[in-house]
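> Predicted model and sequence follow; I will ask about them next.
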Amino acid sequence: MDAIALRDVTKRFGDVRALRGIDMTVETGEVFGFLGPNGAGKSTTIDLLLHYARPSSGSVTVLGRDVAEEPIAVRRRVGVLPEDFAPFETMTGRQHLAYAIEAMDADDDPSTLLERVGLGDDGDRVAADYSTGMTQRLALAMALVGEPDLLVLDEPSTGLDPHGVRRMREIVRAERDRGATVFFSSHILGQVEAVADRVAILRSGTLVAVDTIDGLREAVGVDTELRVELAAEPAAIAPAIESVDGVAAVTVSDGALRIDCSADAKLRVLDEIRAAGGTIRDFSSSEASLEDLFVTYTEGSA
Ligand SMILES: Nc1ncnc2c1ncn2[C@@H]1O[C@H](COP(=O)(O)OP(=O)(O)OP(=O)(O)O)[C@@H](O)[C@H]1O
């Protein structure tokens, strides 16, 4: 069973075509990052998953159920961290959790959840007084109530300090290890890279890529820059490397070879240098950042 399946989903708001035919499957047990620039349609997609809004056309299946037909059954198995969570005026963090536990008919211990998200010392404070990051931690704790089969996290890192970001990542991994599926939206790319098994990139309501991070790098093509220092003159070796499969360009700078190549060509390049008689003193490689990939996929007119 897929955790999420969208089939030819469109969503219009008047003249705005927020989603333009989305086909996407999230497998059970994976951490799936949902990326896109502002206005791409991420929140709209999440609203459809949770039946907060209906698609203009197409079908949305979550945990094997058609969301339009069984919205309540679906929601009982889904933990949600909404983008715009605002605590109730007078309730403490602990009371928010007690409320969520009752609503989910679950038996979690509020103290354990508060500890888990790093609010162990603040559970009895009024949540409306929490800082942005603390509010986000509380929202995550509420999403974890009842060991949901699917976690839907909308921009979960918003407002978190580096400790909070790390804790969020650890919780996401722990939830995946427990068997849950995690679907989270973000435009903070490094965090997606660190934790997602696969990512989808949305641009102006259209999916432009669904792949692993490595797969995206490969699809974009030239993605690795190798710098190799040789014992002898590098220019003599350069022609031999140009013909290696996956190499896009070879240049000599500062007495070292600079090779632009695909990620899987790195070892072939080093082998070829040795085969051509070169002695490698040192080498380093830098890979295209997710930021570069994101720009590659989302820039230009829609
Ligand atoms: N209720 C609405 N009425 C009219 N237009 C809407 C509505 N909700 C969303 N839109 C439009 O749909 C498009 C997608 O918006 P959405 O909020 O899904 O983007 P997003 O990817 O979540 O962006 P962000 O990263 O800025 O949160 C935008 O053009 C937005 O203006």
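Thanks, I have the structure now.
> show me the residues around the residue in the stretch 151-300 of the chain that the ligand sits nearest to that make contact.
The nearest approach of the stretch 151-300 of the chain to the ligand comes at His187, 5.8 Å away (CB to the nearest ligand atom). Any C-beta I mention is one placed from the backbone N, CA and C, and that applies to glycine too. Taking CB atoms under 8 Å, 6 or more residues apart in numbering, we find His187 in contact with Leu35, Gly36, Pro37, Asn38, Glu155.
> Which of the residues you listed has the largest number of neighbours?
Leu35 (27 neighbours; other CB atoms under 10 Å).
> Who does that one form a beta bridge with?
Leu35 forms beta bridges with Ser186, Ile201, as assigned by DSSP bridges.
> pLDDT below threshold where in this structure?
189, 220-222, 289-290, 300-302 (pLDDT under 70).
> pull the longest helix from it.
The longest helix of the chain (DSSP state H) is helix 162-178.
> List the buried residues in stretch 265-282.
Ala265, Lys266, Arg268, Val269, Leu270, Glu272, Ile273, Gly278 (16 or more other CB atoms under 10 Å).
> just stretch 21-37 next, same as before
Quick answer for stretch 21-37 (16+ other CB under 10 Å): Ile22, Met24, Val26, Glu30, Val31, Phe32, Gly33, Phe34, Leu35, Gly36, Pro37.
> Would you mind listing what in the stretch 101-250 of the chain touches the ligand?
The stretch 101-250 of the chain comes close to the ligand at residues His187, as judged by CB under 6 Å from any ligand atom.
> And the helices in the stretch 101-250 of the chain?
110-116, 132-144, 162-178, 189-195, 213-220, 238-242 (DSSP state H, counting those that start in this stretch).
> Which elements pack onto the shortest one?
Yep, that's helix 238-242 we're talking about. strand 247-253, strand 256-261, helix 266-275 (3 or more CB pairs under 8 Å, 6 or more residues apart in numbering; DSSP states H and E).
> Next, format those as a markdown table and append distance to Gly146.
Formatted as a markdown table, the helices and strands packed on helix 238-242 follow (distance: least, CB to CB, whole Å):
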| stretch | distance to Gly146 |
| --- | --- |
| strand 247-253 | 50 |
| strand 256-261 | 48 |
| helix 266-275 | 46 |
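> closest one to Glu175 among those?
Taking CB to CB, helix 266-275 is the member of the helices and strands packed on helix 238-242 nearest to Glu175, at 33.8 Å.
> Contacts only, for the residue nearest in space to the middle of the chain.
Centroid-nearest residue in the chain: Gly33, 2.5 Å away (criterion: CA atoms, centre = their mean). Gly33 sits next to Phe184, Ser185, Ser186, Val192, Val195, Ala196, Arg198, Val199, Ala200 when contact means CB under 8 Å, 6+ apart.
> Pull the number of nearby residues for the nearest residue in space to the first one that is not next to it in sequence.
The spatial neighbour of Phe184 that comes closest, neighbours along the chain excluded (CB to CB, 6 or more residues apart in numbering), is Leu153 at 3.9 Å. Other residues near Leu153 number 25, with proximity taken as other CB under 10 Å.
> Understood, closing this out.
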